[in-house]
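Undergrad: Starting from these lines, generate the structure:
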Amino acid sequence: MNEAFSELGVTLRAHYPFVYLLSFEEERAMVGLQGLAAETERSLYTWSSAAGIRDPHGELLPGTLDALSALERLDEIKGPGILVMKDFHHHIDSIQVTRLLRRGPNARRPDEGSISKV
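TA: Sure, this is the predicted structure:
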């Protein structure tokens, strides 16, 4: 798994806006992503349909429980970061979600930092 996070680090440094990571070991993947976030000086946010977007301190970004709302509110996250969207594959077939994903990287100014969705 270390090699996978090494490759993922290269991908994040290249400012890829979206990365699809499939793992049956969620806790281990999160530990690796936390290390990667620290190494690349990015904040680590998490999203799930049960908890919404949570900042690195566990605080909720209100109104982000569903995938569409979470993507619509990404602009409220300031600075560079990684957003881990848990179980997001259940939402990817939505036309609205797909459209917001396509819009995502172009909506932020370069000086605001990028948010990579994992």
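Undergrad: Show me where the chain has its helices.
TA: 2-13, 26-39, 67-72, 95-103 (DSSP state H).
Undergrad: Report the helix or strand with the lowest average pLDDT across this protein.
TA: strand 115-117 (a mean of 63; mean pLDDT, DSSP states H and E).
Undergrad: before we move on, back to that, what's the most buried one of the helices of the chain?
TA: Across the helices of the chain, averaging neighbours per residue (mean count of other CB atoms under 10 Å) puts helix 67-72 on top, at a mean of 20. Any C-beta I mention is one placed from the backbone N, CA and C, and that applies to glycine too.
Undergrad: From the contact counts, what lies against that one?
TA: helix 95-103 (3 or more CB pairs under 8 Å, 6 or more residues apart in numbering; DSSP states H and E).
Undergrad: and the gap between Phe88 and Glu39?
TA: Distance, Phe88 to Glu39, by CB to CB, to the nearest Å: 23 Å.
Undergrad: any low-confidence regions in the chain?
TA: 1, 104-118 (pLDDT under 70).
Undergrad: center of it - which residue?
TA: Leu83 (1.9 Å; CA atoms, centre = their mean).
Undergrad: I'd guessed that residue sits against Arg42; true?
TA: No - under the criterion of CB atoms under 8 Å, Leu83 is not in contact with Arg42, lying 9.9 Å apart.
Undergrad: Surely Gln34 is in contact with Ser43?
TA: No - the pair Gln34 / Ser43 is not scored as a contact, 10.7 Å apart, by CB under 8 Å.
Undergrad: list residues touching both of those two?
TA: Jointly contacting Gln34 and Ser43 under the rule CB atoms under 8 Å, 6 or more residues apart in numbering is no residue at all.
Undergrad: would a markdown table of the helices of the chain with distance to Gly79 be doable?
TA: What follows is those, written out as a markdown table (distance: least, CB to CB, whole Å):
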| stretch | distance to Gly79 |
| --- | --- |
| helix 2-13 | 14 |
| helix 26-39 | 12 |
| helix 67-72 | 18 |
| helix 95-103 | 20 |
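Undergrad: right, so of the ones you listed, which gets closest to Leu61?
TA: Among the helices of the chain, helix 67-72 comes nearest to Leu61, with 8.0 Å by CB to CB.
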